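with the input below, show me the fold.
(chains A and B)
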Amino acid sequence: MGKEHKRATQWITPQMLILFAVLISLPLWIRGVGLYQYLGVEILIWMIFALGYNLLLGYTGLPSFGHGAYFGIGAYAFGLSQFNITQSLLLGLLAGIIAAGLAGALVAAFISHRRGIYFALLTIAFGQVFWYASIKLHALTGGEDGLLNIPRPDIDLYFTEIPIKSNLALYYLVLIIFAFAVISLWRLVHSPFGKVIQAIKQNELRSSFIGYNVWFYKFLVFTISAAISGLAGSMFAMAQQSAYPDVMSLHASGFVVMMTLVGGGFVSFWGPVIGAVVFFLSRDLLGAATETWLLWYGLMFMVVVLFKPEGIAGMFESMSKKKSNENATKIATRVASLKR
Amino acid sequence: MDTLYNLFPYIVNGISLGLLFALIALGFMLIVGVMELINLAHGSLFALGAYLAMVIISPDPSYFGPLGYWYISLPLGARYIVALVFAPSLVFIVGMGLEVCMRRTYGKDPLYGLLLTFGAAMVIEELIRVTWGSGEQVMKTPDLVNGAFIFAGLIYSKYRFFAAGFAILIILLVWLFLEKTPYGAIIKAGAHDSEMVRALGINLTRLRLYVFGFGTALAAIAGIIMTPIWGLRPHVGVDAVVPAFLIIVLGGVGSFWGAVIAGILVGLVVGITGAYASEWSLLSMYLLLIAVVTFRARGLFGKKSILEV
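From the prediction side, this is the model:
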């Protein structure tokens, strides 16, 4: 118990260090395994998106099927702030976070007193509203084509400027933001706030009987999740140098659900991270072999839901549990033989 | 009075669209109301039904030899009716297959069923894409219902009236089936108190299988009817499933007439918004839903359901 407590309050855990080490060294070997540098950027961005999403699905037990909307709002906010205000990276990212956070807060205000299926269906409705608006507001969003040729400004550190034109520099920038996001999310879910949202997942009614304002917690967690999606979206616009309605569609919202679940968001903080890697690897590897990779990925998703809803992280967990169980029985038999 | 006169065609269009929306939502409602399952694959099965019907109406005769040429020489109307029977039957089988998969999720969090059908939706849509390509397809309809007619100086599409009439027919048939036959009574009893129904010696597992299949077959029928209006592309499923669930939430889960009224209401709102701001007409239905659900948690006629937990 004591160990558990210590780990929960840590800022940086061994798993994080391993993950960061792998990611920092990634540019050295990614070409060696037949992939390309930009894939790393893409995966990192979707990891952030999925981690933010898992705050809702995995930790609070609230399924949102319209989360692509906040990702898209972040992307548009990045582009529009570069075009209309001033070219600044920080401004763009902040604009993405704030715009998506505000949109999320607005939606959350409407749906936080809903539960279960009604909640899920309303998130679809709101997601479609934003998607529809992004197509129809030609003057603002450029309609179906979206915003094109969004500038990617240098990082302005007052004393020096770091250009991020190359994919390598871009990768490390995204990685730094990713590290910040991971550490703060880890702290968040292990804070008292995190405990309350997990209590809401277990039983909403009981949590409210204990005296927690469930509405407010749901509102807050939805807003935070939307804001993180917005951060991911603004980075997406920065990397792609464009923003378009496709990322807001029901399909894109579905991708993040699938990633989070396949990876094991229900049981592990790292589920979404694993899920994003699996998703993009299957896109590129299956996609190279067959045009219909989504079909196979969808089938895999169905199999996971049916037979192992805990996802890949859950498989690891049950494997290590089995091992520790085996060890326990080994020790027990040894103790028994000693007694004899 | 003048504005009303100008609005008249939009209202007519809106009501006919609303009846079609109700038809789309009908199978969805049956599955939600009786089995308390949200079938997000409803839209994909809707599209699958339409694609199958397209193939049945105008197949490639060379595959089937002389029989194929004999079939293709039949009048279009006859082939259309064949399609209206066989395409939903095929989807019925697909739906039953999906229900068998779903069984593992019963008794768990309804979220798993939702996620499973979500995956199924994607798989079916991709299957359609693989089989028939991503492009727009055309489904032939009999000449009898094509073209337009003029009433009170305004032009109306014949097909819309045929489709609306067909929707009314199907809605009434389903209502009669649910309310006036012993099978309907068993289905409703199964939704109400499954333990009691089992105790009476009714095979509820099989009953749920048929109900799910029936709901998906209704999706296929709606798909066939909607195709000449909406066109046929793999993505059409999303265009169908979203209004379907919207109407269910609006009408209230488990209420038959709630769904029908909500469907007509949505159609009217879309139609009338179309008169003033055609660009935004589809958005209006989401706003209607948000407005209604903000004030009435369970929609217009909803009852308490386990899906809320």
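
use CA for all of it now, contacts and neighbours both
OK.

which secondary structure element contains residue 291?
Reading this off chain A. Using DSSP states H and E, no element contains residue A:291; it sits outside every helix and strand.

switch to chain B, please.
helix B:281-295.

torsion angles phi and psi at residue A:308?
Dihedral pair for residue A:308: phi -150, psi 70, per degrees, to the nearest 10.

give me the mean pLDDT for the top helix by length along chain B.
Using DSSP state H, we find that the single longest helix of chain B is helix B:2-35. For helix B:2-35, mean pLDDT rounds to 83.

who are the contact partners of residue B:223?
B:24, B:46-50 (Cα atoms under 8 Å, 6 or more residues apart in numbering or on different chains).

now, which of these lie within helices?
Short answer: the contacts of residue B:223 in helices (DSSP H) are B:24, B:46-50.

farthest pair within the residues you listed?
Greatest spatial distance among the ones in helices among the contacts of residue B:223 (Cα to Cα): B:24 and B:48, at 13.5 Å.

hmm, which of the ones in helices among the contacts of residue B:223 are the buried ones?
In terms of neighbour count (16 or more other Cα atoms under 10 Å in any protein chain shown), the buried residues within the ones in helices among the contacts of residue B:223 are B:24, B:46-50.

and for the nearest residue to residue B:286 once chain neighbours are set aside, the neighbour number?
Distances taken as Cα to Cα, 6 or more residues apart in numbering or on different chains place residue A:125 nearest to residue B:286, at 6.0 Å, with adjacent residues excluded. Number of residues near residue A:125 (other Cα atoms under 10 Å in any protein chain shown) recorded here: 24.

and residue B:291, by the same measure?
With other Cα under 10 Å as criterion, residue B:291 counts 13.

for residue A:181, see how far away it is.
Distance check for residue B:291 against residue A:181: by Cα to Cα, to the nearest Å, it reads 35 Å.

spell out which parts of the stretch 201-340 of chain A neighbour chain B.
A:250, A:254, A:292, A:294-296, A:298-299, A:301-302, A:305-306, A:309 (Cα under 8 Å from any Cα of the partner chain).

so the helix or strand that contains residue A:125 versus helix B:281-295, what angle?
Element membership of residue A:125, judged by DSSP H and E, is helix A:116-136. Angle, helix A:116-136 to helix B:281-295, by axes from the mean of the first three to the mean of the last three Cα atoms, to 10 degrees: 150 degrees.

is the next helix or strand after helix A:116-136 positioned near chain B?
Remark: after helix A:116-136, the chain's next helix or strand is helix A:138-141, criterion DSSP H and E. No. Residues of helix A:138-141 are not located near chain B by Cα under 8 Å from any Cα, the shortest gap being 10.9 Å.

pull the residues that contact the helix holding residue A:125.
By Cα under 8 Å, 6+ apart, helix A:116-136 touches A:62-69, A:107, A:111-112, A:141-144, A:146, A:245, A:248-250, B:38, B:110-111, B:242, B:245-246, B:249, B:279-280, B:283, B:286, B:290, B:307-309.

just the buried ones from those residues?
Buried by 16+ other Cα under 10 Å: A:62-69, A:107, A:111-112, A:141-143, A:146, A:245, A:248-250, B:38, B:110-111, B:242, B:245-246, B:249, B:280, B:283, B:286, B:290, B:307, out of the contacts of helix A:116-136.

in strands only, show me the residues you listed.
Residues of the buried ones among the contacts of helix A:116-136 located in strands (DSSP state E): none.

and residue B:196, how many neighbours?
Neighbours around residue B:196, by other Cα under 10 Å: 12.

my understanding was that residue B:58 contacts residue B:72; is that so?
Yes. Residue B:58 lies in contact with residue B:72 (Cα atoms under 8 Å); the separation is 7.0 Å.

can you pull the residues of chain B lying near chain A?
Within reach of chain A by Cα under 8 Å from any Cα, chain B has these residues: B:38, B:101-102, B:104-105, B:110-112, B:115-116, B:118-120, B:122-124, B:126-127, B:130, B:238, B:242, B:245-246, B:249, B:279-280, B:283, B:286, B:290, B:294, B:297, B:307-309.
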